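[1] sequence and predicted structure, then a few things I'm wondering about:
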Amino acid sequence: MSTMAAKTANIARRHPICPAMTALSHTHPLVLQLENDLLPLFRAALPPLAAAAPQVLASVFAFSSGTASAFEDYHFGISCLLGEVPEDAPEEIALLVSVTGLDAGARLSAKVVWGQPSGLVEAQAELLNGDLPALHAALPRLLASLQQAASRGAPGVTGA
């Protein structure tokens, strides 16, 4: 074994990486639960999404927002970037699950939304505060909506 490989192996033994944990997991219990529930589900949804909409580049994301000292909001989802789109058309459709207001009673929201300039909401779930069972029940419908919108490649016609 080379010296570099031996050093790398030694570092890896001293600092094991837990693949189920990300930077978000050290926070609020609801965020940890969402991370453990959603990220594997979203990763598993990528191959069927790619098969249904091969023209999109899909990826799973998770990020926090808030002040520098306290992250009050967390967001999880799947982003689908479209290939060639007109200048005035959105280039992204995403499934976005957010938990907001962790410092004052967490609120969940889930929606499939087009990027700018449209901002059109394709589908959304009505969720009460921290209602994980309702979120889990809504996810198959939201994933199907994301897949349909990504396959279509443009916002649906509303009001028809």
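    Yes, it's here.
[2] now the residue positioned nearest the centre of the chain: closest residue in space, sequence neighbours ignored.
    Residue closest to the mean C-alpha point of the chain, counted by CA atoms, centre = their mean, is residue 77 at 1.0 Å. Excluding the flanking residues, the one nearest residue 77 by CB to CB, 6 or more residues apart in numbering is residue 96, at 4.4 Å. The way it works is simple: take the backbone N, C-alpha and C, and place the C-beta from them, glycine included.
[3] so how far is residue 73 from that neighbour?
    Distance of residue 96 to residue 73, given as CB to CB, to the nearest Å: 11 Å.
[4] helices of the chain, residue ranges please.
    With DSSP state H as the criterion, the chain has helices at 3-14, 29-52, 132-152.
[5] I'd like the mean pLDDT over the shortest one, please.
    Right, the one you point to is helix 3-14. Regarding helix 3-14, the rounded mean pLDDT is 44.
[6] quick one: residues contacting the closest residue to residue 105 other than its chain neighbours.
    Residue nearest to residue 105 in three dimensions, not counting chain neighbours: residue 129, with 5.8 Å by CB to CB, 6+ apart. Residues near residue 129 by CB atoms under 8 Å, 6 or more residues apart in numbering: 105-108.
[7] nothing else from me, thank you.
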